[in-house]
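Engineer: Could you work out the structure for the sequence below:
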Amino acid sequence: MIREVVRITYRELHYRMLRENLNISRNEKKLMDSLKWQGNIKLAVGLQSFAFLMFGFMIGLSIYMAPRELRGVLFAPNLIVPFIYSLYTTSLMVAYLRSGKVLEPLKALPIPKIGFIMSVLILVDVLPGFFLLLPSVLFLGGIVESLLGLGWLLLAILMGHSLALLLQVKFGGSYVGKGSLIKNLARAFGVLLMIGIYLLIQGIVQFVKRNVETLTPIFQEYDVVFPMSASTIYYPFKSLILLLAYAIPFAMLYLYGIRKLWESLEGEKVIGEVSLEYSIKPRALILSFLSKDFKMIFRRTQLLGGFLAPLYIGIWWIYNVAKSGFPLRMTALLMVAIGVFASITLDMSFKIELEGFEVLRSLPITKRKFLLTKGLLMSTLPLFLNLTIFCLAFTYNGLSSLYIAPLVLAPLLTSGIGMKYVGGKIRDVEMPNLTFFDGIVILLLNIIPIVVSAILVFAVSEPLSYIILDSIVIIGSLLIWRW
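Structural biologist: Okay, here's the model as predicted:
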């Protein structure tokens, strides 16, 4: 019976999560199709676990190829990843359980071990983190060592899970007013966390490989501290004692957290205040609409996730350029490419208006100002990313990086191209009906600046190539926004 309750409750939880996404909930067929995947434990968790398992073989092979006496040192730092994954996922799932009232119908039913059911419901989504390091455990060599490695892996997940429960018990609740932003930020940064985990693993593996001889004596000296304590797996008795020393208190913390969490769901506490006073501040029309759009983005998780898409994609490219020390040619191309990422948020910038579009049409805003507002909204995050890249390049290259400073404005050029195309599809302030073909055309138009940039950077000598490219970005942005 417990298994069936978990299955149904898991489906209901993910149904409510999908209902919060306006892009899906407005289309019943799309909602049901998404629910078939996300609401099915075997499909959703199984496919994600398989993907993590495949990725985990990369880590496992690096451990397998190392000398036996160094495998523990290579294995131990990677335990940080399932710990962080467990901590984040547990916090996120508890937030959804609280806000969605998913467990409310179970309170009146004579169901035993309801706290256990709640814990399993949360831990199901933590499971992929276990498969991430499972290949590493199997490659440690020897049955005893692999069993101890498995124990340390489970402990890392238990520690993240228990600490997240404790934080939710002590600091959780329903936040109103400005505090509601915290939960939306936590959800939206989930994808960023996954990218961060990938980069973290790469960084850990490379760092430990380069410094394994230096790290070995440090790990041996401080082997009572987690995760360095996991490097003792080749000393079974010592490793078992340390494992139990961590496992017992965290198991007690887990039991306390689950019990208190269920009690907190019985009577939800509300934290924060909503101000009943307000004042109307006169602003320029475009600034007022931008302010309104940003408020809507930060209040809706799915909109915030779409708004952060350029960051999700850009962080990988920034990471690769950073490894090379931000050479000017690569940095210049990256800044132009970041501008192209602005077009990813074009559709989202218009979907903000889905619910109140009739109200928007009644306001005194022209088509040009409407498109200008959306273009600036699309450009905001890419502009911030480009400014960050320029500051990093300046740190590495000094005054020579000033040649590429105007490329910070590249998102204004690409968002202008997108808005110019949309402007040709609408006659007034209205929702553009963009098809898949339109999306391809906008992408191809935005790729033109990258092609031109690549030709200039590699065919023309420095610094003339940067001066020409700067001129194209500045003049092109001014011309395209003056229609």
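Engineer: packing partners for the host helix or strand of T373?
Structural biologist: Taking DSSP states H and E as the criterion, T373 maps to helix 367-397. In terms of contacts (3 or more C-beta pairs under 8 Å, 6 or more residues apart in numbering; DSSP states H and E), helix 367-397 is packed against helix 285-299, helix 309-323, helix 328-341, helix 346-351, helix 410-425. In this view, the C-beta of every residue, glycine as well, is placed from N, C-alpha and C.
Engineer: quick one, the third one and helix 309-323 angle?
Structural biologist: To tie it back to what came earlier, the one meant is helix 328-341. 170 degrees (axes from the mean of the first three to the mean of the last three C-alpha atoms, to 10 degrees).
Engineer: What helices and strands are in contact with helix 328-341?
Structural biologist: Secondary-structure packing of helix 328-341 (3+ C-beta pairs under 8 Å, 6+ apart): helix 309-323, helix 367-397, helix 410-425, helix 436-459, helix 464-480.
Engineer: just the angle between the third one and helix 436-459, please?
Structural biologist: So that's helix 410-425. 150 degrees.
Engineer: ok, now how distant is F394 from L133?
Structural biologist: 39 Å (C-beta to C-beta, to the nearest Å).
Engineer: actually M54, not the one I wrote
Structural biologist: 13 Å.
Engineer: of these two, who's got more company?
Structural biologist: Higher neighbour count among M54 and L133: L133, with 27 against 12, using other C-beta atoms under 10 Å.
Engineer: check which helix or strand covers the more buried one.
Structural biologist: Going by DSSP H and E, L133 is in helix 127-138.
Engineer: which residues make contact with that helix from outside it?
Structural biologist: With C-beta atoms under 8 Å, 6 or more residues apart in numbering as the test, helix 127-138 has contacts from 45, 48-53, 55-57, 59-61, 63, 75, 78-79, 81-82, 85-86, 89, 146, 149-150, 153-154, 157.
Engineer: Can you flag the buried ones in the residues you listed?
Structural biologist: Among these, those classed as buried by 16 or more other C-beta atoms under 10 Å are 45, 49, 52-53, 55-56, 59-60, 63, 75, 78-79, 81-82, 85-86, 89, 146, 149-150, 153, 157.
Engineer: if I look at the residue nearest to Y466 when sequence neighbours are not counted, how far off is I338?
Structural biologist: Closest residue to Y466 apart from its sequence neighbours, by C-beta to C-beta, 6 or more residues apart in numbering: Y403 at 3.9 Å. Y403 sits 17 Å away from I338, going by C-beta to C-beta.
Engineer: same deal with G149?
Structural biologist: Counting by C-beta to C-beta - G149 and I338 are separated by 41 Å.
Engineer: same thing with N386?
Structural biologist: Distance of N386 to I338, given as C-beta to C-beta: 5 Å.
Engineer: Could you list every helix and strand that the one helix or strand L31 maps to packs against?
Structural biologist: Assessed by DSSP H and E, L31 sits inside helix 28-38. Helices and strands touching helix 28-38, by 3+ C-beta pairs under 8 Å, 6+ apart, are helix 2-19, helix 22-25, helix 41-64.
Engineer: same question for the shortest one, mean pLDDT?
Structural biologist: In other words, helix 22-25. Helix 22-25 shows a mean pLDDT of 58.
Engineer: how far does the helix holding T373 sit from the chain's center?
Structural biologist: Distance of helix 367-397 from the chain centroid (C-alpha atoms, centre = their mean, to the nearest Å) equals 20 Å.
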